[in-house]
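> I would like to see how this sequence folds:
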Amino acid sequence: MKNVVVLFVFGAILPFSLGQSRPKVSIKKQFLPVYLGDTIVLTCSGGGSVKWYFDGTVIPDQTQQNYIVTIKSISEQGQYVCVRNGIRSKELQLKVEDAFPPEILVIQSGDSVVYKDDSVHLALYVDNDWQNWTCYVYKHQRLYHVIIKDYPETGPLEFMTSSVEKTSEPYIYWCKNKITNTRSSTVVLSVTDLMVKLVPHPDLAELRKDLELECVTHGAPKTKNVIFYKDGKAMHPQNNVKYLIENMTKIDEGNYECEATYTFQASTSKSEFTVKSVPQEVVGIEITLEAAMSYTSGNPVCTCSKCKPEGKAEFYQTENGRYKKVKNTTLSQGKYACRVRWDTGASSFSLPLSVAVSGNEARSNTGVIVGVMVLILIVMGLIFTVG
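Below is the predicted model of the structure:
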């Protein structure tokens, strides 16, 4: 019996004596704290193929050292474990904030699906303290600082991404305040070298909200026919390059593609080309803190019944799924959304609301413009008289 015990203990420590140390699951501190809608990276130390587990259940189709997780709900909170060469890591307890990040990083121009060698213009909407913000990019399985050449005196902190390369992993951008540790949202860019790509609007899909999928063909040729696919099944051919998912539900989640038939307008050969995009996984974020916007008599109001009472309203002009923060509540004609923000988090955006300038507002604005023009003419007249 004594010999059996000795053999058991030796067998237990043998893998470690051969250099197969226990793997460890870690997350870069720059990703913390973790919020709804974030895309983060968990790493299993060591090399080789691994298995990933969440709360004791194996995660299918995840065998790489780096596990890229999109936080779709607070149910992503829990224990993450990796197993390499039969050796199990300790648990990493991941905490997820039941809110969106307090600051937002958005695509100002460009798409979340990027053609190889292209760049994207990003904007961080913070009101001040720009010098204390550092931005990062996760690419090629490593973390890099983003070099920001010019910090603004007013307005958002803006920068261009580097030209992207075709990789198996996406590019993840985000920013963080070095003093307060306040986080921005993440922007995820995937790269394609195909002529056709499927682009979602907005970039981050949310349940119970509309999602528009756009089939984009590089170089703007003449598109003759477009077919959208979900999970490999064709939905229906159409001339429209956009497909609208209204009031998105769990049923709408899946892998989407589009196939475009096109001709080059400048070509004399009249040859047709048919190309299918790379599949895009569409998964909706579960919203718990949702803002609501109303607008009456020139007065926009943003409310969130479940948000923290110290939260303050922010208003954004929205177009094609993109958000641009406005500095004041005097809104011009257009489409807007709002959110409620506090120091450590924020609600989701409200449903878009179309704002139409009323007759009184239009007359008031016209009166101001006319007054300014009259004043300019008077000043010019005085100048000529003196001359």
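> going forward, measure contacts between C-alpha atoms and count neighbours the same way
OK.
> all helices in the protein, in order from the N-terminus.
For the chain, the helices defined by DSSP state H cover 2-17, 359-386.
> contacting residues around the closest residue to Asn66 other than its chain neighbours?
Nearest non-adjacent residue to Asn66, counting by C-alpha to C-alpha, 6 or more residues apart in numbering: Thr43, 4.5 Å away. Taking C-alpha atoms under 8 Å, 6 or more residues apart in numbering, we find Thr43 in contact with Lys24, Val25, Ser26, Ile27, Gln65, Asn66, Tyr67.
> mind running it again at 6 Å?
Val25, Ser26, Gln65, Asn66 (C-alpha atoms under 6 Å, 6 or more residues apart in numbering).
> what's the burial count for the first one?
Read that as Val25. Val25 has 22 neighbours, counted by other C-alpha atoms under 10 Å.
> that one contacts Gly46, doesn't it?
No. Applying C-alpha atoms under 6 Å, one finds Val25 not in contact with Gly46, separated by 10.1 Å.
> rewinding a little: just the pLDDT for the residue nearest to Asn66.
We note a pLDDT of 96 for Thr43 in this prediction.
> what's across from it in the sheet?
Using DSSP bridges, the bridge partners assigned to Thr43 are Ser26, Asn66.
> repeat for Ile285
Counting by DSSP bridges, the residues bridging with Ile285 are Glu206.
> just the pLDDT at the residue most central in space within the chain, thanks.
Centroid-nearest residue in the chain, with C-alpha atoms, centre = their mean: Val187, separated by 3.8 Å. If you check Val187, the pLDDT there is 98.
> quick check: the farthest pair among the contacts of Thr43?
Pairwise distances across those (C-alpha to C-alpha) peak at 10.9 Å, for the pair Ser26 and Gln65.
> name the residue in those two with the higher neighbour count.
A side-by-side neighbour count of Ser26 and Gln65, using other C-alpha under 10 Å, places Gln65 first with 22 against 18.
> contacts only, for that one.
Contacts of Gln65 by C-alpha under 6 Å, 6+ apart are Thr43, Cys44.
> any idea how far it is from Thr182?
28 Å (C-alpha to C-alpha, to the nearest Å).
> chain neighbours aside, what residue packs nearest to Glu281?
Asn255 (4.4 Å).
> hmm, I was thinking of Ile245
Here the residue nearest Ile245, using C-alpha to C-alpha, 6+ apart, is Leu211, at 5.1 Å.
> quick one: residues contacting that neighbour.
Leu211 touches His201, Leu244, Ile245, counting by C-alpha under 6 Å, 6+ apart.
> buried only: go through those for me.
His201 (16 or more other C-alpha atoms under 10 Å).
> name the nearest of the contacts of Leu211 relative to Ala220.
His201 (18.7 Å).
> pretty sure the closest one sits against Glu212.
Yes. Here His201 reaches Glu212: they are 5.1 Å apart, a contact under C-alpha under 6 Å.
> what's the spacing between the residue nearest to Ile245 and Val196?
19 Å.
> likewise for Ala99?
35 Å.
> where are the low-confidence patches of the stretch 101-250 of the chain?
237-239 (pLDDT under 70).
> where exactly do the strands run in it?
105-109, 113-115, 121-124, 133-139, 142-145, 157-160, 171-177, 187-192, 196-201, 211-217, 222-230, 233-238, 242-245 (DSSP state E, counting those that start in this stretch).
> show me what the second one is packed against.
Where contact means 3 or more C-alpha pairs under 6 Å, 6 or more residues apart in numbering; DSSP states H and E, strand 113-115 is packed against strand 187-192.
> and with 10 Å instead?
strand 187-192, strand 196-201 (3 or more C-alpha pairs under 10 Å, 6 or more residues apart in numbering; DSSP states H and E).
> check the third one too.
With contacts defined as 3+ C-alpha pairs under 10 Å, 6+ apart, the packing partners of strand 121-124 are strand 105-109, strand 157-160, strand 171-177.
> 8 Å - rerun?
Judged by 3 or more C-alpha pairs under 8 Å, 6 or more residues apart in numbering; DSSP states H and E, strand 121-124 is in contact with strand 105-109, strand 157-160.
> can you give me how far it is from the chain middle?
Distance, stretch centre to chain centre, for strand 121-124: 11 Å (C-alpha atoms, centre = their mean, to the nearest Å).
> how close does the closest residue to Pro152 other than its chain neighbours get to Leu157?
Spatial nearest neighbour of Pro152, excluding adjacent residues (C-alpha to C-alpha, 6+ apart): Trp130 at 7.3 Å. Remark: distance between Trp130 and Leu157 (C-alpha to C-alpha) = 7 Å.
> pull up the overlap in contacts between the two.
In contact with both Trp130 and Leu157: Tyr151, using C-alpha under 8 Å, 6+ apart.
> what about the two, which has more around it?
Comparing Trp130 with Leu157 by other C-alpha under 10 Å, the one with more neighbours is Leu157, at 21 against 18.
> ok, now which ones touch the residue nearest to the more buried one when sequence neighbours are not counted?
Nearest residue to Leu157, sequence neighbours excluded (C-alpha to C-alpha, 6+ apart): Leu124, at 5.0 Å. Leu124 makes contact with Glu103, Ile104, Leu105, Val106, Pro156, Leu157, Glu158, Cys175, Ser184, according to C-alpha under 8 Å, 6+ apart.
> surely Ser112 and Ser190 touch.
Yes. With contacts counted by C-alpha atoms under 8 Å, Ser112 reaches Ser190, the gap being 6.5 Å.
> what about Met235, how many neighbours?
Based on other C-alpha under 10 Å, the number of other residues close to Met235 is 11.
> quick check: nearest residue in space to Ile179, chain neighbours excluded?
Distance criterion C-alpha to C-alpha, 6+ apart; nearest residue to Ile179, sequence neighbours excluded, is Asn132 at 6.6 Å.
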